[in-house]
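A.B. asks: I'll drop the sequence and a predicted model, then ask my questions.
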Amino acid sequence: MGLLVVGSVAFDSVETPFGKAEDALGGSATFFSTSASYFTDVSLVAVVGDDFPEKHINFLKTRKIDLKGLQRTEGKTFRWKGKYGYDLNEAHTLSTELNVFESFKPKIPAEYKDAEVVFLANIDPDLQRDVLGQVKKPKIVAADTMNFWIEGKRDSLIKTLKLVDILLINDSEARQLSGEPNLVKAARKIAAYGPKTIVIKRGEHGVLMFHKESVFSAPAMPLEDVFDPTGAGDTFGGGFMGYLSSVMDWSENNMRKAIIMGSVMASFNVEDFSLNRIKNLEYSEIEARYREFKKLAHFEDI
Ligand code: AMP
């Protein structure tokens, strides 16, 4: 079996200096699953309300995402409103409405219990542990989180981190979680909470991966047209974990390659609002951008 993910499925209302989207399909698990679906089988655990349109379910099905763990209950779907200034690296949350997530009691389908790879996408850390506790013996557990949970549920998040092998987190959140402005020191502090590998997402500045004593730095693709960074972190996560799950090789070399796969997918995501750019990619586009990434930071001794 491929990759099991729990996280938010949402309506996002987003404003950037280049336009806006109202109640567009979003959520950490949605971006993650869509991106990962280009590499491996994905099973999604989440909840939506009775206002969630069938067309979004149908879209997730076109990506062959297993939706047996997606519950639909009475009430409103999770809603997030955010705004970006010219510095697209920083999202300003205007409102977060948990709605049906507030009372969500995930019960994962029997066939998900043997999942080997679990991704705890950004959501309440209590829920992250609840889902993980229902999986028998995962080989790899990775997670993401954000300022909302670092501020609001810190103790629970620390408990979740004890169970996590790989943490994906953005730079400002790494600083906030560790209380340490320097990212190298921040990664070391976070590793002491549990995760052996810390992947710090730095938006247009790329990604840093701290793994044991080594550090890997990957650039982000310099793009001329960036419209909406919403979901870039989750889309990165989907490419990173989707690729790793497809080969089940967790060596450092392969994790470096996975960082580039994640960066490739994120670079598509920012080119349009919501999931518009990543919902229907051709494999040839993914391969071509992967080759561009290889050239981007290549140099030789002369
Ligand atoms: P990012 O990849 O960091 O840009 O994540 C953006 C996505 O996270 C949006 O689609 C939101 O719906 C979702 N999101 C925002 N706040 C939360 C939250 N507190 N918990 C879970 N998901 C969230």
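C.D. replies: Good, I have the coordinates. Numbering: from 1, shown residues only.
A.B. asks: And the helices in the protein?
C.D. replies: All helices of the chain, identified by DSSP state H, fall at 28-36, 54-62, 125-133, 147-152, 154-161, 171-178, 183-193, 232-247, 252-269, 283-296.
A.B. asks: which of those helices is buried the deepest?
C.D. replies: Neighbour counts averaged per stretch over the helices of the chain are highest for helix 28-36, at a mean of 31; criterion: mean count of other C-beta atoms under 10 Å. All C-beta atoms are positioned from the backbone trio N, CA, C, and that covers glycine.
A.B. asks: For that helix, which outside residues touch it?
C.D. replies: 2-3, 5-10, 42, 44-46, 60, 63, 65, 119, 121-123, 144, 231, 234-239, 241-242, 245, 265, 269, 275, 278-279 (C-beta atoms under 8 Å, 6 or more residues apart in numbering).
A.B. asks: Pull the contacting residues for the residue nearest in space to the middle of the chain.
C.D. replies: Most central in the chain under C-alpha atoms, centre = their mean is residue 234, positioned 2.4 Å from the mean C-alpha point. Going by C-beta under 8 Å, 6+ apart, residue 234 touches 7, 28, 29, 30, 31, 32, 35, 121, 122, 144.
A.B. asks: now do residue 121
C.D. replies: Taking C-beta under 8 Å, 6+ apart, one finds 5, 6, 7, 8, 28, 29, 32, 143, 144, 234, 237 in contact with residue 121.
A.B. asks: Alpha carbons of stretch 261-270, as CSV, please.
C.D. replies: Extracted in CSV, the C-alpha atoms of stretch 261-270 (Å, rounded to 0.1, in the frame of the first residue of the first chain):
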residue,chain,number,x,y,z
MET,A,261,10.8,16.2,-6.6
GLY,A,262,9.0,18.2,-3.9
SER,A,263,10.5,21.4,-5.2
VAL,A,264,9.4,20.6,-8.7
MET,A,265,5.8,20.0,-7.6
ALA,A,266,5.7,23.2,-5.5
SER,A,267,7.1,25.2,-8.4
PHE,A,268,4.0,24.3,-10.4
ASN,A,269,1.6,25.0,-7.6
VAL,A,270,2.5,28.7,-7.2
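A.B. asks: With residue 207 as the reference, measure out to the residue in the stretch 101-250 of the chain positioned nearest to the ligand.
C.D. replies: Relative to the ligand, the nearest point of the stretch 101-250 of the chain is residue 233 (3.2 Å; C-beta to the nearest ligand atom). Distance, residue 233 to residue 207, by C-beta to C-beta, to the nearest Å: 10 Å.
A.B. asks: Common neighbours of the two, please.
C.D. replies: residue 201.
A.B. asks: and the residue nearest to residue 157 when sequence neighbours are not counted, what is it in contact with?
C.D. replies: Spatial nearest neighbour of residue 157, chain neighbours left out: residue 125 (4.2 Å); criterion: C-beta to C-beta, 6 or more residues apart in numbering. Taking C-beta under 8 Å, 6+ apart as the criterion, residue 125 is in contact with 145, 149, 153, 156, 157, 159, 160.
A.B. asks: per-residue confidence for residue 1?
C.D. replies: In this model, residue 1 is scored at 59, pLDDT.
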